[in-house]
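[1] this is a predicted model, with the sequence first.
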Amino acid sequence: MPATLVAQHVSSAGLSVPSVSVEDLSNGERTVALYASDLPDGYRYKRGDEQCLVAWIIQGATRMGLDRLRHVAALEAGYRRLEARKRVTAEQKRAHAERFPNRKRDRRAGELAALVTHFASMSDEARERGGRFLLDGPCPECGDTRQVWACWAVDVDADWYEEGYGPCSLCGGAA
């Protein structure tokens, strides 16, 4: 396991560890779980390896704990959202690099998690959770006010425009 996503390992002696089901994890949670698992860095998927991938996902999720796994997956989704819009700040890059220092492993875990999503179903709750995201620090677009000043074209032909505050398109849905 990489030395970064280290969660407290709780011995099951005297404690009940909830069972983890791959169907109850979003694709982002599956990605983070694979990153935290013993998945070999040079692993190449072969047909019939589905059970190995599922076992690694369960191992990573158990290793991290569901609360931490969900939190890190939401931060990863927020980072990807900012990255797609080219709005990642230096602070956010640093925080992401601390969580996932091995960029190649991070990318590969995402590819394999998508493959698992192809052959394993996902619960409605996991699918809904997969749409949530968190940002490291304030939103670079609105500074966490959740609104931006904008000019909207109501009717271009009539030259009718409205100005005012509207929801921030970058963080408007942040959890």
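    Here it is on my side, so go on.

[2] ranking helices and strands of this structure by mean pLDDT, which lands last?
    strand 147-155 (a mean of 80; mean pLDDT, DSSP states H and E).

[3] for the helix or strand just after it, packing partners?
    Counting by DSSP states H and E, the next helix or strand C-terminal to strand 147-155 is strand 160-167. Under the contact definition 3 or more Cβ pairs under 8 Å, 6 or more residues apart in numbering; DSSP states H and E, strand 160-167 sits against strand 147-155. The C-beta positions use only the backbone N, C-alpha and C, and glycine is treated the same way.

[4] pretty sure residue 164 contacts residue 148?
    No: between residue 164 and residue 148 there is no contact under Cβ atoms under 8 Å: 10.1 Å.

[5] looking at the two, which is more packed in?
    Set residue 164 next to residue 148 and count neighbours by other Cβ atoms under 10 Å: residue 148 wins out with 17 against 9.

[6] would you agree the more buried one is in contact with residue 171?
    No: Residue 148 lies out of contact with residue 171 (Cβ under 8 Å); the separation is 9.9 Å.

[7] okay, and the common contacts of these two?
    Common contacts of residue 148 and residue 171 (Cβ atoms under 8 Å, 6 or more residues apart in numbering): 141-142.

[8] buried stuff in stretch 154-172?
    Buried residues in stretch 154-172, counted by 16 or more other Cβ atoms under 10 Å: 168, 170-171.

[9] same check, this time on stretch 31-50
    Across stretch 31-50, burial judged by 16+ other Cβ under 10 Å covers 31-37, 39, 43.

[10] which of those residues fall in helices?
    Among these, the members falling in helices (DSSP state H) are 31-36.

[11] how far off centre is the least confident helix or strand of the chain?
    Strand 147-155 has its C-alpha centroid displaced from the chain centroid by 30 Å (Cα atoms, centre = their mean, to the nearest Å).

[12] residue 161 is in contact with residue 154, correct?
    Yes: if you go by Cβ under 8 Å, residue 154 and residue 161 touch, sitting 6.4 Å apart.

[13] coming back round to it: who touches the least confident helix or strand of the chain?
    141-142, 160-169.
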